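let me see the structure of the following:
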Amino acid sequence: MVLRGLSTRMGGEAQQNDERQPSASCYNRPMNTYPLHPVELKEQTVNFRALPPLSLYVHVPWCARKCPYCDFNSHEARSGLLEREYVAALIRDLELALPQIWGRKVYTVFIGGGTPSLLSARAIEDILAAARMLLPLEVNAEITLEANPGTVEAERFAGYRSAGVNRLSLGIQSFNDAHLKALGRIHNAAEARRAAEIARQHFDNINLDLMYGLPQQPIEDAGQDAVTALGYAPQHLSCYHLTLEPNTAFHRHPPALPDEEASSEMQRRIEQLLAAHGYRHYETSAFAKPQKQSRHNLNYWQFGDYLGIGAGAHSKLSFSDKVLRQARHKQPQAYLDAVARGSPVQAEHEVGRDDLAFEFMMNALRLNEGFDEALFAERTGLSLLVLRRELGEAGRRGLLLRDRQRIAPTELGRRFLNDLLQIFLPAKN
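This is a model prediction of the structure:
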């Protein structure tokens with residue numbers, strides 16, 4: 001069964017974008033890390049000893065053309081970009097959010113979309129300058145910009161690097177003209193190659209996005225895309241299986257896709273090839289050279305906090321006794337108007353205890369090596385005992401391993417990730 005990966009782009013990228021099997025002998029040992037009594041467990045409330053790490057996500061909602069498979073908050077820039085107005089709104093949005101994150105260090109910044117590389121280098125510089133002025137940004141913060149390989153955007157890469165971007169994520173998807181056309185991409189294979197080459201000249205930390213399971217794609221073509229990508233020696237590769245998401249053109253008019261067996265073989269070959277070239281498969285769709293994992297996406301998967309600014313951006317913010325989720329206004333003009341009124345947040349809710357536990361597992365079980373047991377309490381403010389029954393069930397079904405205070409999906413659990421997550425889904429009254 002092919003992994004239909006959850007989106008890695010949780011901040012509105014939603015938010016992307018970036019093995020060792022423990023023994024099964026420990027499944028039946030009791031969980032006694034947090035010695036709470038059953039009555040206390042039922043009454044337990046969220047209580048953080050320290051707040052999770054914080055990231056900043058910046059959403060740019062425009063693209064040159066909406067791809068038929070894309071379900072992100074992106075809008076075709078038919079009448080041009082409101083670049084100056086939008087950048088001013090982003091900075092004001094950040095200012096309005098400061099009371100909720102006051103004094104918290106920001107470890108990563110991700111500028112996603114849409115197509116952020118439609119913005120000028122000056123615009124990116126203004127956004128990052130404001131972030132540095134308003135936030136205690138870590139000195140060596142990872143700052144990622146998503147870019148499309150079109151010729152005009154590629155010329156801007158030097159400017160983005162000078163503006164402070166230190167990691168570039170290129171939406172290649174394929175190096176094959178026929179497959180790019182089937183995906184509705186505006187660039188061709190030659191432009192993809194040129195963009196990858198130019199990126200190498202200006203950045204020493206690059207991610208290339210690839211997709212497989214494309215309309216009428218032979219198995220060999222998926223492998224060849226990975227081979228071509230390796231020729232540019234990227235530090236990180238994201239390899240996604242094409243999924244037909246609701247509210248997309250492909251969902252309304254489904255193309256002919258490779259069958260399950262062919263897609264599984266594509267996935268197997270890609271994983272094998274990248275492993276042979278020194279890439280660690282650390283997350284469902286992410287492969288990285290040593291020490292080059294996406295720090296921003298790792299913060300999502302390890303259930304860290306993130307402030308999302310921009311049209312349609314989402315936030316997850318922890319406080320001493322609760323976790324809030326927020327969503328900004330989605331339509332660009334509605335967002336601009338809302339910021340002008342001083343209220344960019346359209347919806348906000350406190351995450352319930354059961355949902356907190358599920359959301360943690362939904363993210364952390366994407367990681368092939370799983371997570372330390374202590375991380376659950378650190379990032380949810382809850383005892384791991386709240387999942388005692390579910391963890392036992394997942395273990396009995398061979399989907400989860402627990403060894404030396406670490407919890408990780410088995411090979412079977414990674415293969416049937418949706419089935420594993422279903423075990424942790426809260427029951428609805």
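
my guess is residue 244 meets residue 69, correct?
Yes: using Cβ atoms under 8 Å, residue 244 is in contact with residue 69, at 7.3 Å. (Glycine included, C-beta is placed from N, CA and C.)

so what sits against both of the two?
residue 250 (Cβ atoms under 8 Å, 6 or more residues apart in numbering).

more neighbours: the two, which one.
Shown here are residue 244 and residue 69; by other Cβ atoms under 10 Å, residue 69 has more neighbours (23 against 17).

can you pull the contacts of that one?
Applying Cβ under 8 Å, 6+ apart, the residues near residue 69 are 183, 184, 242, 243, 244, 245, 248, 249, 250.

CSV for those, including secondary structure and distance to residue 222?
Shown next, in CSV, are those (DSSP: H, G, I helix; E, B strand; the rest coil; distance: Cβ to Cβ, whole Å):
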residue, secondary structure, distance to residue 222
183, coil, 13
184, coil, 18
242, coil, 10
243, coil, 15
244, coil, 17
245, coil, 20
248, coil, 21
249, helix, 22
250, helix, 18
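
how about those residues, which pair is most distant?
184 and 243 (15.2 Å; Cβ to Cβ).

tell me which of those two has more neighbours.
The residue with more neighbours, out of residue 184 and residue 243, is residue 243; 18 against 14, by other Cβ under 10 Å.

next one: phi and psi at that one?
phi -120, psi 150 (degrees, to the nearest 10).

measure it to residue 251 for me?
9 Å (Cβ to Cβ, to the nearest Å).

and residue 404, by the same measure?
For residue 404, the distance to residue 251 - Cβ to Cβ - is 43 Å.

okay, these two: which has more neighbours?
More crowded of residue 404 and residue 251, by other Cβ under 10 Å: residue 251, with 14 against 9.

ok, which stretches of the stretch 201-350 of the chain are helices?
219-230, 249-252, 260-276, 295-301, 332-341 (DSSP state H, counting those that start in this stretch).

I should have written the stretch 51-200 of the chain there, sorry.
Counting by DSSP H, counting those that start in this stretch, the helices of the stretch 51-200 of the chain are 83-101, 121-134, 151-154, 157-163, 177-182, 189-202.

out of those, name the one with the poorest average pLDDT.
Lowest mean pLDDT within the helices of the stretch 51-200 of the chain: helix 151-154, at a mean of 68.

so who does residue 49 touch?
residue 378.

where does the prediction get shaky in the stretch 1-150 of the chain?
For the stretch 1-150 of the chain, applying pLDDT under 70 flags the ranges 1-44.

where do the strands sit along it?
Here the stretch 1-150 of the chain has its strands, by DSSP state E, counting those that start in this stretch, at 54-60, 62-63, 75-76, 106-113, 137-147.

excluding its backbone neighbours, what's nearest residue 214?
Excluding the flanking residues, the one nearest residue 214 by Cβ to Cβ, 6 or more residues apart in numbering is residue 179, at 4.9 Å.

kindly report the same for residue 188.
residue 177 (5.4 Å).

now swap in residue 67 and tell me
residue 184 (4.7 Å).

isn't that neighbour right up against residue 63?
No: if you go by Cβ under 8 Å, residue 184 and residue 63 don't touch, sitting 10.8 Å apart.

about what we covered before: TSV for the helices of the stretch 51-200 of the chain, including mean neighbour count and distance to residue 107?
Shown next, in TSV, are those (neighbours: other Cβ atoms under 10 Å; distance: least, Cβ to Cβ, whole Å):
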stretch	mean neighbour count	distance to residue 107
helix 83-101	18	12
helix 121-134	18	12
helix 151-154	17	27
helix 157-163	19	19
helix 177-182	18	35
helix 189-202	18	23
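
and residue 255, which of those is closest to it?
Here helix 177-182 is closest among the helices of the stretch 51-200 of the chain (Cβ to Cβ), at 6.9 Å.

pick the most deeply packed of the strands of the stretch 1-150 of the chain.
Highest mean neighbour count among those (mean count of other Cβ atoms under 10 Å): strand 54-60, with a mean of 27.

just give me how far that one sits from the chain centre.
11 Å (Cα atoms, centre = their mean, to the nearest Å).

just checking: what are the partner strands of it?
Strand pairing for strand 54-60, determined by DSSP bridges: strand 106-113 (parallel), strand 305-309 (parallel).

quick one, which of these is nearest to residue 345?
Using Cβ to Cβ, the nearest of these to residue 345 is strand 305-309, at 10.1 Å.

what angle separates the closest one from helix 83-101?
150 degrees (axes from the mean of the first three to the mean of the last three Cα atoms, to 10 degrees).

please identify the buried residues of strand 305-309?
By 16 or more other Cβ atoms under 10 Å, the buried positions in strand 305-309 come out as 305, 306, 307, 308, 309.

go on, stretch 320-337?
Within stretch 320-337, judged by 16+ other Cβ under 10 Å, the buried ones are 322, 323, 324, 325, 326, 327, 328, 329, 330, 332, 335, 336.

for the residue nearest to residue 67, what are its contacts?
Contacts of residue 184 by Cβ under 8 Å, 6+ apart are 65, 66, 67, 68, 69, 249.

what about 10 Å?
Neighbouring residues of residue 184 by Cβ atoms under 10 Å, 6 or more residues apart in numbering: 65, 66, 67, 68, 69, 70, 249, 250.

show me the domain layout of the protein.
According to automatic domain parsing, the chain comprises the domains 24-48+371-424, 54-301.
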